[in-house]
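1. Pasting the sequence and the predicted coordinates here, then a few questions.
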Amino acid sequence: MRCIRLGFLLLLALGVGAGLAFADPNPAPANLTIWVVGAEVRLAWLAPEAASGNRQVRLLRRLNTPPAGPQDPAADLLYTGSVTKHVDPLVGLLPNFTSPQVYYYSVFGCDLAGTTCESVGSHAALAPTLVECLRGGGYTIHWRHADADVCGDHLELGTAANATVPNWWRSCDTNCTTGTARQLNAAGVQRATSIGQQIRSMGIPIGRVVSSEYCRCVQTAENMAFGPTIETSQGLTYFVYDEASRCTTNYDLIEEVPAAGTNTAIIGHAGFATSCATIGGLAWSECAIFKPDGQGGATLIGRLLWNQWGTLATDAPDLAATTATAALDTPYEAADGVRLRYRLSNAAPQPIRLEVFDIRGRRIWSVQEHQARGEYVRMWDRRDASGRVVPHGVYFVRLHTPSNDTSRKAVILHR
């Protein structure tokens, strides 16, 4: 009797004994967890307990306000069905940068018909950083060329249609006696190089690079060294082509949707003949970041000076926000053992311990490791610490982390 009593107390400490014996089946999903991986927002949750009658879920997302319930008309319905995972494309979200962009996700349990749902649900929130969103692609980054005060532009040599010196604007000559166009200075070279290094170090993909024909723009792109072949565009080029339309032409290019999973880099000029919103006021080496909407428009996300890219690197590890720091899925028995799958949302590595207890509360198997944010699968081979195959029956799995413990029931049917 004493052994059974101690085992029961241990099950209570694990948080599973009383719930399994006396609580009504949980009709709500649990442990909604979010990760940002590349171009995807990945969501996972534990399904409602089948005995509750809820065999489906409704997954909703709402900007800056949590969904009011499973039928909230102001929320976006992302998924309805019986699986426990979903991918929300990151390209559909905006970064939490110069304006609040917090996306609240809620998953609710519903009956098989999907018409009656519980209202408690499971909830998590995500405020995507600019780095995360740029990693996912879909943005246009428009730079004014890097710092350039070596020599000057000889506009008196005419436009492309009547130039007295053909292609004078393309000159890279830094001898101001013979040179015909303004060139980068040493600071400009250093700043363009730094921008490129920072963007590459943060894993931001650039799929297309378009530059003005002026050498100071082309060399800015070369020093950024994003990788793609540099295209030159007459529409971006100052003065010598259709100057009156240059602002419109710049925005036409800004509004083009980049190839999937990439961003477009544009290197042009300020100094427009007429007023040109945002890009007309850029400083040397400064950029404006836009999100094309695929319908002929683009949203301005914000502006960054050359030395502000480095400050964004502190956002890079913050890949997710979630209400649960750890989640353990219901163990699944496979032919080669019992599959234990868990997820962590803390960025920094932490000690975790997976343990298996028998019905008496005796620990029969455990594994310890350090893991950072991610999803992990471990296999328990149905053997105890002595290597003996355990009998079929009910066991309990616990995931222990420094911040919380989570337990699940495992039923072994095979040996």
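-> Sure, I can see it. Residues are numbered from 1 along each chain as shown.
2. What residues sit buried inside the helix or strand encompassing residue 192?
-> Applying DSSP states H and E as the criterion places residue 192 in helix 186-201. Neighbour counts over helix 186-201 (16 or more other CB atoms under 10 Å) mark 188-196, 198-199 as buried. From N, CA and C alone the C-beta is placed, and that goes for glycine too.
3. and of those, the nearest to residue 109?
-> Taking CB to CB as the measure, residue 109 lies nearest residue 199 of the buried residues of helix 186-201, at 43.0 Å.
4. wait, residue 129 sits on residue 95?
-> Yes - at 6.1 Å, residue 129 and residue 95 qualify as touching, with contact defined as CB atoms under 8 Å.
5. which sections of the protein are below the confidence cut-off?
-> Regions of the chain meeting the criterion pLDDT under 70 cover residues 1-23, 313-325, 347, 413-415.
6. between the buried residues of helix 186-201, which is closest to residue 274?
-> The closest of the buried residues of helix 186-201 to residue 274 turns out to be residue 188 (CB to CB; 26.2 Å).
7. Tell me the spacing between the closest one and residue 271.
-> Computed with CB to CB, to the nearest Å, the distance linking residue 188 and residue 271 is 16 Å.
8. Now do the domain split for this protein, please.
-> Residue ranges for the domains of the chain, per automatic domain parsing: 1-129+318-324, 137-308, 333-415.
9. Kindly check the end-to-end length of stretch 47-58 for me.
-> 11 Å (CA to CA, to the nearest Å).
10. List the contacts of it.
-> In this structure, residues lying in contact with stretch 47-58 by CB atoms under 8 Å, 6 or more residues apart in numbering are 24-29, 45, 70, 77, 79-82, 84, 107-112, 114, 117-118, 330.
11. same deal with stretch 175-187?
-> Applying CB under 8 Å, 6+ apart, the external contacts of stretch 175-187 come out as 145-154, 157, 165, 168-174, 192, 214-216, 219-220.
12. any idea how far stretch 355-375 is from the chain center?
-> 30 Å (CA atoms, centre = their mean, to the nearest Å).
13. Assumed residue 275 was part of a strand.
-> No - Residue 275 sits outside any strand when classified using DSSP: H, G, I helix; E, B strand; the rest coil, being coil.
14. Next up, the contacts around it.
-> residue 247 are the contacts of residue 275 under CB under 8 Å, 6+ apart.
15. And the strands in the stretch 1-150 of the chain?
-> Counting by DSSP state E, counting those that start in this stretch, the stretch 1-150 of the chain has these strands, from start to end: 30-37, 40-46, 54-63, 76-81, 85-89, 103-111, 122-126, 140-144.
16. Only alpha carbons, please: show the fourth one as PDB.
-> Meaning strand 76-81. Output for strand 76-81, consisting of C-alpha atoms alone and laid out as PDB, is shown next (Å, rounded to 0.1, in the frame of the first residue of the first chain):
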ATOM      1  CA  ASP A  76      -8.300  35.800 -40.700                       C
ATOM      2  CA  LEU A  77      -9.300  32.100 -40.800                       C
ATOM      3  CA  LEU A  78      -6.000  30.300 -41.600                       C
ATOM      4  CA  TYR A  79      -7.100  26.600 -41.200                       C
ATOM      5  CA  THR A  80      -9.900  24.400 -40.300                       C
ATOM      6  CA  GLY A  81      -9.500  20.600 -40.000                       C
END
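17. for it, packing partners?
-> Contact here means 3 or more CB pairs under 8 Å, 6 or more residues apart in numbering; DSSP states H and E; on that basis strand 76-81 packs against strand 54-63, strand 85-89.
18. Could you tell me which residues within it count as buried?
-> When neighbours are counted by 16+ other CB under 10 Å, the buried residues of strand 76-81 are found to be 78-79.
19. Which neighbours in the sheet does that strand have, and how are they oriented?
-> Partners of strand 76-81 in the sheet, by DSSP bridges, are strand 54-63 (antiparallel).
20. got the angle between the strand it pairs with and strand 103-111?
-> 160 degrees (axes from the mean of the first three to the mean of the last three CA atoms, to 10 degrees).
21. ok, and for strand 54-63, which residues are buried?
-> Under the neighbour-count criterion of 16+ other CB under 10 Å, strand 54-63 has 54-62 buried.
22. what does stretch 370-387 give?
-> Applying a neighbour-count criterion of 16+ other CB under 10 Å, the buried positions in stretch 370-387 are 371, 373, 375, 380, 382.
23. so how far is the first residue of it from its last?
-> Between the start and the finish of stretch 370-387 there is a gap of 24 Å, counting by CA to CA.
24. How about stretch 196-205?
-> For stretch 196-205, the first and last residues are 11 Å from each other (CA to CA).
25. Quick one: residues in contact with it.
-> Applying CB under 8 Å, 6+ apart, the set of residues contacting stretch 196-205 from outside is 131, 134-135, 137, 206, 223-226, 261-263, 309-310, 312-313, 316.
26. what about the strands in the stretch 151-300 of the chain?
-> Taking DSSP E, counting those that start in this stretch as the test, the strands found in the stretch 151-300 of the chain are 206-211, 230-232, 263-268, 287-292, 298-304.
27. sorry, back to before: mind checking which of the contacts of stretch 196-205 are buried?
-> Among those, those classed as buried by neighbour count (16+ other CB under 10 Å) are 131, 134-135, 137, 206, 223-224, 226, 262-263, 309, 312, 316.
28. Helices - which of those land there?
-> Judged by DSSP state H, the subset of the buried ones among the contacts of stretch 196-205 located in helices is 131, 134-135, 223-224, 309, 312.
29. if I look at the nearest residue to residue 232 once chain neighbours are set aside, how far off is residue 291?
-> In this structure, residue 232 finds its nearest non-sequential neighbour in residue 213, 4.8 Å apart by CB to CB, 6 or more residues apart in numbering. Here the criterion is CB to CB. By it, residue 213 lies 27 Å from residue 291.
30. With residue 174 instead?
-> 37 Å.
31. So between these two, which is more surrounded?
-> When residue 174 and residue 291 are compared for neighbours, residue 291 comes out ahead with 21 against 14, by other CB atoms under 10 Å.
32. which ones are touching that one?
-> Neighbour list for residue 291: 94, 138-140, 298-299, 301 [criterion: CB under 8 Å, 6+ apart].
33. Including distance to residue 235, could the helices and strands packed on strand 76-81 go into a markdown table?
-> Converted to a markdown table, those look like this (distance: least, CB to CB, whole Å):
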| stretch | distance to residue 235 |
| --- | --- |
| strand 54-63 | 35 |
| strand 85-89 | 30 |
